[in-house]
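Chemist: Got a predicted structure here, sequence first:
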Amino acid sequence: MIRKRRAKIVATLGPASSDRQMIARLFEAGVDVFRINMSHTPHDVLRDMVHTIRAVEAQVGRPIGILVDLQGPKLRIGSFAQDHIVLEKGATFVFDCDKTPGNVERVFLPHPEILTALEPGHTLLLDDGKVRLTAIETTPKRAVTRVEVGGRLSARKGVSLPDTVIGSSALTPKDRSDLEAALDAGIDWVALSFIQRPDDIAEAKKITKQRASVMAKIEKPQAVQRLAEILDVADALMVARGDLGVEMPLEQVPGAQKQITRLARQAGKPVVVATQMLESMITAPVPTRAEVSDVATAIFDGADAVMLSAESAAGKYPFEAVSTMNRIIEQVERDPTYRTLIHAERNDPEATGADAIAAASRQIAETLDLPAIVCWTSSGATALRVARERAAPPIGAITPNLATGRKLALVWGVHCVVAEDAQDQDDMVERAGRIAFREGYARPGQRIIIVAGVPLGTPGATNMVRIAFLSADPGVSRLPDSIGL
């Protein structure tokens, strides 16, 4: 099944979409990567979901990516003696280490790392930003704050700290346990929540040991400030606009989204735009006009993927939400403005052989109006560099590694086929043509461009570009490209 679009769709699984029939329908509707949210998923359910996705994958004969999203540190206040309190603007409110139930003057904060890191002038946001306070006096045991925006507050509400860098790890004990379970289950991508620094990514990579690629969720201002450093370490980025919109002024989020998308495109690493993209479809069969424009903006910016959360996990219309997102992407990519904007945001190739080859393949393909670029890739690096160019023709990636095919399911424009590696250059050219014909990229008599690394099978050695004619009879015999490799 070849998608008629370049951008990919990530859909979250949940109560509305966890059985095999629905997962198969969602894939058919357009899902390329399924997300499993570990905030709500026990390990046995995780294993069942992965098993079901792999069964659908074998049924459809296409690599399907699986993204596991770790919960991250959940910072919450303690309890109150009453059901709730009401904080008035201008009042003083204290956070301390006393476990006694709180009142309108104070509350227990079960996170000593926050009290240690807080400084006068720092902002504290409670209950998704509904209540805002400013620290006045701080010690490792106690923080006195002034209420800037008051309101109702009940027990165990979340705490956000847009100005404070907390010294503790972004990986909680639960995250470590969830990550090991996910790796054992054979997932492809892991997303880290509430990261603040590149060290948070490096810590996760020590655990994954290349068994999965690591995606950094950008949802804190501290992460935006160190975006370039984080991107150097991460394999991909996610614009997690929900929490980002809590911790920074809402009007700054669209600019941050564009900044994150452009920097990821420049680095040639996948970027996913997430949160509330078709939120109204949780309860309605059609989205709002504003939501359609929101999805379209991400596609015009050249994002690798857009993501559905509650729309597909718990909504009434998961199939319709995916189908709608699929149609929006297809329409945007047909728009005359799309190629103009994609071209305007294209970056110069980096000073490497792989980038020079990728840029040349794009220029040749567009100059000669070739129907496809076909990459032979072992690790996925060649396909990533070609995808960075955002070429007009579709990108076919041939890989002997099923794990690579699953990882590339997230990458812009890449349609991956899992096949045995070529024996030599002649075999590589012949089989690239046969696969391009069989997959519907090219017709007999047309030319395609082939990008590869020689010697074959050497990861990261992209050094060859070749134009090849499809013979009058390219052959349609079955190639050894089954998912069971």
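Modeler: That came through, no problem.

Chemist: Please enumerate the helices of the stretch 1-150 of the chain.
Modeler: 20-29, 43-60, 112-117 (DSSP state H, counting those that start in this stretch).

Chemist: by contact count, what packs against the strand or helix carrying residue 356?
Modeler: Remark: residue 356 resides in helix 353-367, with elements defined by DSSP states H and E. For helix 353-367, the packing partners by 3 or more Cβ pairs under 8 Å, 6 or more residues apart in numbering; DSSP states H and E come out as strand 373-376, helix 381-388, strand 447-453, strand 462-469. All C-beta spots, glycine's among them, are computed from the backbone N, C-alpha and C.

Chemist: can we see that at 10 Å?
Modeler: strand 373-376, helix 381-388, strand 395-399, strand 447-453, strand 462-469 (3 or more Cβ pairs under 10 Å, 6 or more residues apart in numbering; DSSP states H and E).

Chemist: Of those, which is nearest residue 217?
Modeler: Residue 217 sits nearest to helix 381-388 of all the helices and strands packed on helix 353-367, at 19.9 Å, using Cβ to Cβ.

Chemist: The residue nearest the centre of the chain: what secondary structure?
Modeler: In the chain, the centroid-proximal residue (Cα atoms, centre = their mean) is residue 272; its distance is 3.9 Å. Assigned with DSSP: H, G, I helix; E, B strand; the rest coil, residue 272 falls in the strand class.

Chemist: looking at it, it is touching residue 33, isn't it?
Modeler: Yes. Using Cβ atoms under 10 Å, residue 272 is in contact with residue 33, at 8.6 Å.

Chemist: Give the intersection of the neighbour lists for these two.
Modeler: Contact criterion Cβ atoms under 10 Å, 6 or more residues apart in numbering; residues shared by residue 272 and residue 33: 8, 10, 67, 189, 305, 307, 410.

Chemist: where's the helix or strand hosting residue 324 relative to the chain centroid, distance-wise?
Modeler: Assigned by DSSP H and E, residue 324 falls within helix 318-334. Here helix 318-334 is found 18 Å from its chain centre; the criterion is Cα atoms, centre = their mean, to the nearest Å.

Chemist: now it against helix 20-29, angle please.
Modeler: Interaxial angle, helix 318-334 versus helix 20-29 (axes from the mean of the first three to the mean of the last three Cα atoms, to 10 degrees): 10 degrees.

Chemist: Show me what counts as buried in helix 318-334.
Modeler: 318-326, 328-330, 332-333 (16 or more other Cβ atoms under 10 Å).

Chemist: How about stretch 117-132?
Modeler: For stretch 117-132, by 16+ other Cβ under 10 Å, it's 117, 118, 122, 123, 124, 125, 126, 127, 129, 131, 132.

Chemist: What of stretch 253-272?
Modeler: So, applying 16+ other Cβ under 10 Å, buried residues of stretch 253-272: 253, 256-257, 260-261, 263-272.

Chemist: quick one, phi/psi of residue 349?
Modeler: Main-chain dihedrals, residue 349, degrees, to the nearest 10: phi -60, psi 150.

Chemist: so who does residue 152 touch?
Modeler: So residue 152 contacts 83, 84, 85, 86, 87, 127, 130, 131 (Cβ under 10 Å, 6+ apart).

Chemist: Sitting in strands, which of those residues do you find?
Modeler: Counted as lying in strands by DSSP state E, out of the contacts of residue 152, are 84, 85, 86, 87, 131.

Chemist: which among those end up buried?
Modeler: The buried subset of these - by 16+ other Cβ under 10 Å - is 85, 87, 131.

Chemist: So for the first one, what's the nearest residue that isn't a sequence neighbour?
Modeler: Counting by Cβ to Cβ, 6 or more residues apart in numbering, the nearest residue to residue 85 once its immediate chain neighbours are dropped is residue 104, at 4.7 Å.

Chemist: Same list (the contacts of residue 152) but as CSV, adding distance to residue 345 and pLDDT.
Modeler: Formatted as CSV, the contacts of residue 152 follow (distance: Cβ to Cβ, whole Å; pLDDT from 0 to 100):
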residue, distance to residue 345, pLDDT
83, 52, 94
84, 48, 95
85, 49, 97
86, 48, 97
87, 45, 97
127, 38, 95
130, 36, 95
131, 39, 97
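
Chemist: Thank you kindly, that will do.
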